[in-house]
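> one predicted model, sequence on top.
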Amino acid sequence: MAAIETNNRPNTDEGGMGYLQSLPRRVVTVYLPLLIFVIVLLFPFYWMTITAVKPNLEMTDYANFNPFWVVHPTLEHIRYLLFDTSYPGWLLNTIIISTAATFLSLLAAVFAAYAIERLRFSGARQVGLAIFLAYLVPPSILFIPLSVMVFNLGLYDTPFALILTYPTFLIPFCTWLLMGYFRSIPFELEECALIDGASRWQILTKIVLPLSVPGLISAGIFAFTLSWNEFIYALTFIQSSENKTVPVGVLTELVRSDVYEWGALMAGALIGSLPVVVLYSFFVEHYVSSMTGAVKE
Amino acid sequence: MAVPSAAIQPRSSIFSRILSRWSESRNALGFGFMLPAAALLLVFLTYPLGLGVWLGFTDARIGRPGIFIGIENYEYLWSDAVFWLSVFNTLLYTISASILKFALGLWLALLLNQNLPFKSFFRAIVLLPWVVPTVLSAIAFWWIYDSQFSILSWALMEMGLIDHRINFLGDPENARASVIAANVWRGIPFVAITLLAGLQTIPQSLYEAATLDGASRWQLFRYVTLPLLTPIIAITMTFSVLFTFTDFQLIYVLTRGGPVNATHLMATLSFQRGISGGQLGEGAAIAVAMIPFLLAAILFSYFGLQRRKWQQGGGD
């Protein structure tokens, strides 16, 4: 059976030795487990979406309505979320804070990565290692001393508390990523520029940065996602409702003591997830192109 | 790689001469370029790390700077049953979730490495749980685990597998299993995608050669895939263990440490005592107590797997 399949295949190396497996065997060993994985991984999102558009009546009446489907979809929860709560404000806060933190971190990381990777000042290796170790320091250890600092600096309950603390995990990450990217840019290009009399600053802005746009975009998207998802600092440093970010706001403001607004909660979770999912789907496309279109020597 | 241009063109003012000399010196320029990143990290990372250790030795509360009290906080924690329970929970949570994430993630990576239709589509989908904010997906799990309207309970009852609703988050054992399941769900994509990247670097010719030598599918996996994947497994699992050990968000959303502290992790206990309870010193002491565990986990998973790498004849 395998032999018959071999003859039908176009003569490419792409599938490796996959043709040696018969179709029924592939169904059991590959497609079925994969299907189960995909269902399990996607189910919470499906459940989130279906709950967000489900009227309250259907949501709690499993006897008369199949919970896996919605009979009369409603936008009531989303309307409530957008017009009767502070959700749009949280969304705006999150966008501002994430953008500012990402920008700040990228700026610092570009210089740091270039210095470590290309200037190779004395101790560059040690600094590179220190940056990596900084990435391993988890926010769960830092949030108590940071809250003391934030309070003493008068930043408590302001967006700056988050804009200045998010770089602690963004800079190590971006620097590490950009160091890898700068390493892939050939030395010869910089040497040519040096011979032509370019300064280090000109080399960085006119040669290295334009060539590393894909790397900068990946680092930026990762950093933006990380700051969008951040929770413990935002929970600790922000108190007033209008300054909260989406994750904190949804959890602390939409959950009342006795009544859970499940529809609004799910709508909030869904809308809060959408921006990063959209960004990420761009990134997946982009990632492939940046891999294939790497700098040629 | 000296810069000749500045030396050739004579500069008039002293200022520009100093500037040009500075821009030629790697160390001066490197220092200048490192300055923004170093300043931010030193002020908001290194200093708080030290401050945290110091706070652990004080009786600071919110709104009142503490005084040095030696190891009193640690003495108190040593005799505190809830603290030890949280240590036990953290270890249980980290070890079981990491093992599950590794096994399922590796399996998923092997599946995705097959020649599939819609390859990139599957990869994009698999990454979703990792991309969306943990808190928001945890809220979805909270609703899935609801004591009254849990869809899981309903589905299992419809299938006739159970006869009453499962109390997912109300019962200590169930709550532990539930939070571990949610953590595994969130962690699988990261492990799977990084291991997939590693799998794709393994040349097909090795498998072909091994097949010609009569290796079975298991032997292909055991003697070709696994040894070549070990370095990337070491890195992936080090990160995975680290992030699981310090997890906070999932527990805070799903159980807040309850029922009867059965799911309290060290991070959530630190938050509860330090921020909610206002005992900054004690909270900081709990956070500092996590550091030795973290170092041990990093050293174990990193060096443990590194050694296996060269034992099996891997690169360098």
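Sure, I can see it. Numbering: from 1, shown residues only, chains lettered A, B, ... in the order given.

> close enough to count as contact, B:T90 and B:M266?
Yes: the pair B:T90 and B:M266 qualifies as a contact (C-beta atoms under 8 Å) at a distance of 4.9 Å. For glycine as for every other residue, the C-beta is placed from the backbone atoms N, C-alpha and C.

> helices of the stretch 101-250 of chain A, residue ranges please.
With DSSP state H, counting those that start in this stretch as the criterion, the stretch 101-250 of chain A has helices at A:124-135, A:139-152, A:159-165, A:167-183, A:187-195, A:200-202, A:209-211, A:213-229, A:232-237, A:246-253.

> turn those helices into CSV, columns for distance to chain B.
Converted to CSV, these look like this (distance: least, C-beta to the nearest C-beta, whole Å):
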stretch, distance to chain B
helix A:124-135, 6
helix A:139-152, 4
helix A:159-165, 6
helix A:167-183, 4
helix A:187-195, 6
helix A:200-202, 6
helix A:209-211, 13
helix A:213-229, 4
helix A:232-237, 5
helix A:246-253, 4
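
> give the residues shared as contacts by B:T90 and B:M266.
B:M290, B:F293 (C-beta atoms under 8 Å, 6 or more residues apart in numbering or on different chains).

> ok, and for the helix or strand encompassing B:N89, which residues are buried?
Using DSSP states H and E, B:N89 falls within helix B:81-112. By 16 or more other C-beta atoms under 10 Å in any protein chain shown, the buried positions in helix B:81-112 come out as B:83, B:85-87, B:89-90, B:93-94, B:96-98, B:100-102, B:104-112.

> out of these, who's near chain A?
Restricting the buried residues of helix B:81-112 to those near chain A by C-beta under 8 Å from any C-beta of the partner chain leaves B:L104, B:W107, B:L108, B:L111, B:L112.

> got the CA coordinates for stretch A:237-247 in PDB?
Written as PDB, here are the backbone C-alpha positions of stretch A:237-247 (Å, rounded to 0.1, in the frame of the first residue of the first chain):
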ATOM      1  CA  PHE A 237       0.200  49.900  41.400                       C
ATOM      2  CA  ILE A 238      -3.200  51.100  40.200                       C
ATOM      3  CA  GLN A 239      -6.100  51.800  42.500                       C
ATOM      4  CA  SER A 240      -8.700  54.100  40.900                       C
ATOM      5  CA  SER A 241     -11.100  52.500  38.400                       C
ATOM      6  CA  GLU A 242     -10.400  55.000  35.600                       C
ATOM      7  CA  ASN A 243      -6.700  54.300  35.600                       C
ATOM      8  CA  LYS A 244      -7.000  50.500  35.400                       C
ATOM      9  CA  THR A 245      -5.800  48.300  32.500                       C
ATOM     10  CA  VAL A 246      -8.100  45.800  30.700                       C
ATOM     11  CA  PRO A 247      -7.100  42.600  32.600                       C
END
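
> residues in contact with it: which ones?
Here stretch A:237-247 has contacts from A:86-87, A:89-91, A:93-94, A:97, A:146-147, A:150, A:155-159, A:161-162, A:165, A:228-231, A:234, A:248-249, A:252-253, A:268, A:272, B:133-136, B:249, using C-beta under 8 Å, 6+ apart.

> confidence score at A:V40?
The score at A:V40 is 92. That number is its pLDDT.

> related to what we said a few turns ago, just the buried residues out of the contacts of stretch A:237-247, in PyMOL syntax.
Paste this into PyMOL to select the buried members of the contacts of stretch A:237-247, with burial taken from 16+ other C-beta under 10 Å:
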select buried, (chain A and resi 86+87+90+91+93+94+97+146+147+150+155+156+158+159+161+162+165+228+229+230+231+234+248+249+268+272) or (chain B and resi 133+134+135+136+249)
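
> contact partners for B:F102?
B:F102 neighbours (C-beta under 8 Å, 6+ apart): B:V191, B:I233, B:M237, B:S240.

> ok, 7 Å please
B:V191, B:M237 (C-beta atoms under 7 Å, 6 or more residues apart in numbering or on different chains).

> from B:L195, how far out is it?
9 Å (C-beta to C-beta, to the nearest Å).

> from A:S241, how far off is the closest residue to A:L82 other than its chain neighbours?
Nearest non-adjacent residue to A:L82, counting by C-beta to C-beta, 6 or more residues apart in numbering or on different chains: A:P88, 6.1 Å away. Per C-beta to C-beta, A:P88 is found 13 Å from A:S241.

> buried ones in stretch B:253-271?
Quick answer for stretch B:253-271 (16+ other C-beta under 10 Å): B:253-255, B:257, B:259, B:261-271.

> filter these to keep only those in contact with chain A.
Filtering the buried residues of stretch B:253-271 for proximity to chain A by C-beta under 7 Å from any C-beta of the partner chain leaves B:V253, B:A267, B:S270.

> between those residues, which is nearest chain A?
Taking C-beta to the nearest C-beta as the measure, chain A lies nearest B:A267 of those, at 3.9 Å.

> show me the contacts for that closest one.
For B:A267, counting by C-beta under 7 Å, 6+ apart, the contacting residues are A:S140, B:T246, B:D247, B:F248.

> one more: B:I62?
B:I62 neighbours (C-beta under 7 Å, 6+ apart): B:G278, B:L280.
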